[in-house]
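Q: Quick one: sequence plus predicted model below, questions after.
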Amino acid sequence: MKRKLLTIASCILLFGATSFAQESGFGAKLGLNLANITGDVEDNSMRISINLGGYYTYMISDKFGVQAELVYSGQGYKQKETTTTETFDPGFGLPLQTITVTNPEVVLALNYINIPIMAKYYFTESFSVLAGPQIGILLSANAKFDDDNIDDVDVKEDLNTTDIALGIGLEYALESGLNFSARYNIGMTTLEKDLADGQDGIKNAVIQIGVGFMF
């Protein structure tokens, strides 16, 4: 009985060791971005966009690899419509006056080419965790107003052209090469070039849900 148990245990261990075997290779990915920002801002909400690109995974061992990616990523955020009421003294003995100002909803649409370098660890043949730095190159930046009377404004000159982030995520892969992933990219650098004294600035924060295929 003990011999049978040892044999079964040995088979399980052998299967577990071989089940981690992964191969290096190229892949493509497509996903949904739930983009927002963190920092010195209020009344903001997510901008929904896409990410699209390719990657190469190099396996260092059966369980550990490095994944380099080149990805187009739509980021930014929405600024909700706001209404403010201001009271002022017109002078000349007149009573205080009140005015109401409505600012329309605006979307800050940021488009990047991102280059993540992710360490990849396989817990099982299918499940892996990824973490690593990402550098982003700003392609365009436009403020789009929810008002037909206001034209879009190019704000790229006001923003840093390089964005540094830290990514962490999970991936589930099928034997066919199809895989599903979820990742959170946390901005480490501010978007604005020039910040006034005491300002913390704003940073990118992006949730990515995607599907990929490794060839």
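A: The structure has been received and is ready for your questions. Numbering: from 1, shown residues only.
Q: Can you pull out the low-pLDDT segments for the chain?
A: 1-21, 81-85, 88-94, 97-98, 100-104, 198 (pLDDT under 70).
Q: need the longest strand for it.
A: Counting residues, the longest strand in the chain under DSSP state E turns out to be strand 127-145.
Q: Quick check: closest non-adjacent residue to residue 115.
A: Nearest residue to residue 115 in three dimensions, chain neighbours excluded: residue 135, at 5.1 Å (CB to CB, 6 or more residues apart in numbering). All C-beta atoms are positioned from the backbone trio N, CA, C, and that covers glycine.
Q: whoops, I mixed them up, residue 208
A: Residue 208 sits nearest to residue 183 (CB to CB, 6+ apart), 4.5 Å away.
Q: Correct me if wrong: residue 58 contacts residue 26.
A: No: using CB atoms under 8 Å, residue 58 is not in contact with residue 26, being 10.5 Å away.
Q: Who are the packing partners of the helix or strand that contains residue 112?
A: Taking DSSP states H and E as the criterion, residue 112 maps to strand 106-122. When contacts are defined as 3 or more CB pairs under 8 Å, 6 or more residues apart in numbering; DSSP states H and E, strand 106-122 packs onto strand 47-59, strand 64-79, strand 127-145, strand 162-173.
Q: could you check the angle strand 47-59 makes with it?
A: Here strand 106-122 runs at an angle of 20 degrees relative to strand 47-59 (axes from the mean of the first three to the mean of the last three CA atoms, to 10 degrees).
Q: quick one: contacts for the nearest residue to residue 60 once chain neighbours are set aside?
A: Using CB to CB, 6+ apart and skipping residues adjacent in sequence, the residue nearest residue 60 is residue 66, 6.7 Å away. Going by CB atoms under 8 Å, 6 or more residues apart in numbering, residue 66 touches 57, 58, 60, 117, 118, 119, 120.
Q: What's the PyMOL line that selects buried ones from the residues you listed?
A: To isolate the buried members of the contacts of residue 66 in PyMOL, using 16 or more other CB atoms under 10 Å:
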select buried, resi 57+118+120
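Q: got the contacts of residue 66 as CSV, with distance to residue 176 columns?
A: Compiled in CSV, the contacts of residue 66 are given as follows (distance: CB to CB, whole Å):
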residue, distance to residue 176
57, 16
58, 21
60, 24
117, 26
118, 22
119, 25
120, 19
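Q: Against residue 142, how distant is residue 152?
A: Distance of residue 152 to residue 142, given as CB to CB, to the nearest Å: 5 Å.
Q: Compare those two and say which one has the larger neighbour count.
A: Between residue 152 and residue 142, residue 142 has the larger neighbour count (other CB atoms under 10 Å), namely 15 against 12.
Q: Can you list the strands that the longest strand of the chain pairs with?
A: As defined by DSSP bridges, the strand partners of strand 127-145 come to strand 106-122 (antiparallel), strand 153-154 (antiparallel), strand 162-173 (antiparallel).
Q: Comparing those strands, which comes out most buried?
A: Highest mean neighbour count of these: strand 106-122, a mean of 20 (counted as mean count of other CB atoms under 10 Å).
Q: The closest residue to residue 107 other than its chain neighbours: neighbour count?
A: Spatially, and ignoring its direct neighbours in sequence, residue 107 is nearest to residue 144 (4.6 Å; CB to CB, 6+ apart). As a burial measure, residue 144 scores 17 neighbours (other CB under 10 Å).
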